[in-house]
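Undergrad: Build me a model:
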Amino acid sequence: MGFLGRKIKNEGLNAAGLASFLGGQKSSIMSALPAGMGSLLGFASGFDAPKVNVTDAPKVGGMNWWPWLLGILGILTLLYFWKGCNKPDVSGAVETVTESVENAVDSTASAVNNAAETVADAASGLGAFFKKKLACGVELNIPEKGMESNLVTFIEDKAKPVDKTTWFSFDRLTFETGSSKLDMAKSAEQIGNIVEIMKCYPAVKLKIGGYTDNVGNKDNNMKLSAVRANTVKATLVGLGVDPSRMEAEGYGDQHPIAPNDTEENKAKNRRIDVRVMAK
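TA: Residues are numbered from 1 along each chain as shown. Sure, this is the predicted structure:
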């Protein structure tokens with residue numbers, strides 16, 4: 001309507017001039033109408049602006065031509081809003097994508113923080129390192145509540161009989177991600193301590209058990225756990241331990257020590273344990 005007002009003012013159009021202008025836009029208006037709208041409005045084959053003779057044209061101040069003009073303006077207004085309603089609303093999609101990205105960043109940051117906290121908690125839970133002297137005089141630098149300390153205590157305690165239920169979990173043994181290869185940069189100290197224990201207590205025999213969480217194919221988990229258990233055995237043999245003093249077996253996701261309901265608990269179930277078979 002503002003455009004038509006400026007058109008009338010700038011070009012000095014009277015009713016006939018305005019009618020002629022609108023009539024010239026017939027094809028554009030018809031092509032813009034949605035399917036079926038033309039017939040609904042009675043313009044099935046287009047429309048023609050009313051023919052107005054200049055001599056018979058009503059004065060601009062008159063009202064005879066306003067109903068027709070309001071009808072045209074109504075159509076134009078309808079087209080404007082119809083086009084606006086049919087424009088794809090991308091604001092919701094943009095907000096959704098933005099929210100998804102923000103959530104992904106938050107989740108990733110949270111996962112990294114939780115993993116760091118889990119590692120820190122596990123390390124702090126082992127207690128302070130101290131010098132543990134073995135029966136043969138060798139000293140080990142081990143944590144107070146670590147696996148080596150508990151294993152040596154069990155071996156030296158004659159009142160504790162050998163059984164099939166007492167297992168000790170390695171707490172500083174690490175495999176390369178998705179592999180059965182030991183990360184010796186992180187595992188060498190604990191592996192070396194086990195070698196010294198086996199040398200100091202020659203009657204001791206160990207069963208090495210490998211375990212996984214419950215994620216993935218059970219058969220594959222069983223194979224992976226067996227390979228990892230045998231990897232530990234082979235590493236100890238390579239460092240001088242008699243292979244006849246050790247057995248290795250994989251148990252897959254059997255015998256979990258925690259429910260497989262969180263990443264932290266799943267990590268606990270992915271482990272290597274040892275059991276004393278003789279002492």
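
Undergrad: Quick one: neighbours of the residue lying closest to Ser149 once chain neighbours are set aside, just the number.
TA: Of all residues not flanking Ser149 in the chain, Ile142 sits nearest, at 5.4 Å (CB to CB, 6 or more residues apart in numbering). Any C-beta I mention is one placed from the backbone N, CA and C, and that applies to glycine too. Residue neighbour count, defined by other CB atoms under 10 Å, stands at 24 for Ile142.

Undergrad: Wait, a strand at Ile142?
TA: Yes - the assignment for Ile142 is a strand, going by DSSP: H, G, I helix; E, B strand; the rest coil.

Undergrad: Now for it: which residues touch it?
TA: Ile142 is in contact with 129-130, 132, 148-149, 193, counting by CB atoms under 8 Å, 6 or more residues apart in numbering.

Undergrad: swap the cut-off to 6 Å and go again
TA: Counting by CB atoms under 6 Å, 6 or more residues apart in numbering, Ile142 touches 132, 148-149.

Undergrad: By neighbour count, which of the residues you listed wins?
TA: Busiest of the contacts of Ile142 [other CB under 10 Å] is Glu148, holding 23 neighbours.

Undergrad: Over to it. Which of the three states is it?
TA: helix.

Undergrad: Pull the number of nearby residues for Lys266.
TA: If we define neighbours as other CB under 10 Å, then Lys266 has 18 of them.

Undergrad: no, scratch that, I was asking about Lys205
TA: For Lys205, the neighbour count with other CB under 10 Å is 18.

Undergrad: From what I see, Asn260 and Asp213 are in contact.
TA: Yes - counting by CB atoms under 6 Å, Asp213 is a contact partner of Asn260 at 5.2 Å.

Undergrad: Tell me the residues that contact both of those two, please.
TA: Shared contacts of Asn260 and Asp213 (CB under 6 Å, 6+ apart): Lys266.

Undergrad: Let me know the average pLDDT across stretch 138-153.
TA: For stretch 138-153, the mean pLDDT works out to 97.

Undergrad: In it, which residues are buried?
TA: Under the neighbour-count criterion of 16 or more other CB atoms under 10 Å, stretch 138-153 has 140, 142-143, 146-152 buried.

Undergrad: looking at this, Val195 is in a helix?
TA: Yes - under three-state DSSP, Val195 sits within a helix.

Undergrad: what about Val232, which SS state?
TA: Secondary structure state of Val232, per three-state DSSP, is helix.

Undergrad: got the contact list for it?
TA: Going by CB under 6 Å, 6+ apart, the list of residues near Val232 reads 208, 272.

Undergrad: How confident was the prediction at it?
TA: For Val232, pLDDT reads 98.

Undergrad: can you check Leu224 too?
TA: The per-residue pLDDT reported for Leu224 equals 95.

Undergrad: Tell me if it really is in a helix.
TA: Yes - the assignment for Leu224 by three-state DSSP puts it in a helix.

Undergrad: which one is it nearest to, not counting chain neighbours?
TA: Nearest non-adjacent residue to Leu224, counting by CB to CB, 6+ apart: Thr212, 6.1 Å away.

Undergrad: That neighbour and Pro256, how far apart?
TA: Per CB to CB, to the nearest Å, Thr212 is found 9 Å from Pro256.

Undergrad: quick one, which of these two is more surrounded?
TA: With neighbours defined as other CB under 10 Å, Thr212 and Pro256 compare such that Thr212 has more, 25 against 18.
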